[in-house]
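K.L.:
Any chance you can model this:
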Amino acid sequence: MKTLNQIEELLNDKLDENKQIIDAKKNNIMRTEQCIKAINDDLVKAQENEDFKAYDEAKKALWTEENTKDLQIKQLEKMQQTKIISPEEAKELHKEVLTLANAARKMQFRRASELLQELKEISDQSLELKELTNELLKLIKYDLRSDFAPVYSISDEYKPDMVYGLYGQIKDTPMFEPTMKEGLDDDRT
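P.N.:
Got it, this is the predicted structure:
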């Protein structure tokens, strides 16, 4: 099975090849138009010089080049309307792209779920740290004094931002539950 990058490269190669063919056909048309212009100039000169033989040859050459241009334009139009890949190949590539994308998506959800589970563990440790720190601060402020009078100049609450706050915000996002579910579902398959 190919990778998404390999499929992208294959499709880009086909597009580039098609573009080169179309560009070559356009260049051929341009060269034919230049030829027609030159023949028209020869035709005018032959007419001015009253050179019937040169005029006849120029008319024949002009007819040939105009028919050539007409055919080249038809070939270009046909090429521009021709599908680069067959419907069968398109269906096969479509299926392959979706299969690869779904596999990558499952892997990403699994990894995200693992990271969120790890963040949950850190969040739990963060909450434990805050609770323990608050308990210790209260002990220091209230319970370790012989007169049991609180020390008002010191804090009994630990207030900095903590990881459990970040986890709480992430948990409240709409994609949290689907991410965890997809990641866990993937573990079961």
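
K.L.:
Need the mean per-residue confidence for stretch 107-126.
P.N.:
The average pLDDT for stretch 107-126 rounds to 94.

K.L.:
again with stretch 27-47
P.N.:
So the average pLDDT for stretch 27-47 ends up being 96.

K.L.:
And the contacts of it?
P.N.:
Applying CB atoms under 8 Å, 6 or more residues apart in numbering, the contact partners of stretch 27-47 are 51-52, 54-55, 58-59, 61-62, 65-66, 68-69, 72-73, 76. Glycine gets a C-beta too; all of them are placed from N, C-alpha and C.

K.L.:
Please, where are all the helices along the protein?
P.N.:
For the chain, the helices defined by DSSP state H cover 4-49, 52-81, 87-138, 163-171, 176-188.

K.L.:
Show me which helix or strand of the chain is least confident by mean pLDDT.
P.N.:
Every helix and strand in the chain was compared by mean pLDDT, DSSP states H and E; the lowest is helix 176-188, with a mean of 77.

K.L.:
could you give the angle of it to helix 163-171?
P.N.:
Put simply, helix 176-188 runs at 90 degrees to helix 163-171, going by axes from the mean of the first three to the mean of the last three CA atoms, to 10 degrees.

K.L.:
How far does helix 176-188 sit from its chain's centre?
P.N.:
Relative to the centre of its chain, helix 176-188 is centred 24 Å away, using CA atoms, centre = their mean, to the nearest Å.

K.L.:
can you check stretch 94-106 too?
P.N.:
With CA atoms, centre = their mean as the basis, stretch 94-106 stands 14 Å off its chain's centre.

K.L.:
again with stretch 51-70
P.N.:
With CA atoms, centre = their mean, you get 52 Å for stretch 51-70.

K.L.:
what's in contact with it?
P.N.:
Contacts with stretch 51-70, where a contact means CB under 8 Å, 6+ apart, come from Ile29, Thr32, Glu33, Cys35, Ile36, Ile39, Asn40, Asp42, Leu43, Lys45, Ala46, Gln47.

K.L.:
Tell me the buried residues within the residues you listed.
P.N.:
Buried subset of these (neighbour count, 16 or more other CB atoms under 10 Å): Ile29, Thr32, Cys35, Ile36, Ile39, Asp42, Leu43, Ala46.

K.L.:
Which member of the residues you listed is positioned nearest Met162?
P.N.:
Within those, proximity to Met162 (CB to CB) peaks at Ile29, which comes in at 71.2 Å.

K.L.:
give me every residue that touches the closest residue to Ser113 other than its chain neighbours.
P.N.:
Using CB to CB, 6 or more residues apart in numbering and skipping the chain neighbours, the partner closest in space to Ser113 is Gly183 (2.1 Å). Each residue near Gly183 by CB under 8 Å, 6+ apart is listed here: Phe109, Arg110, Arg111, Ala112, Ser113, Glu114, Leu116.

K.L.:
Before I go, just wanted to say thanks for your time.
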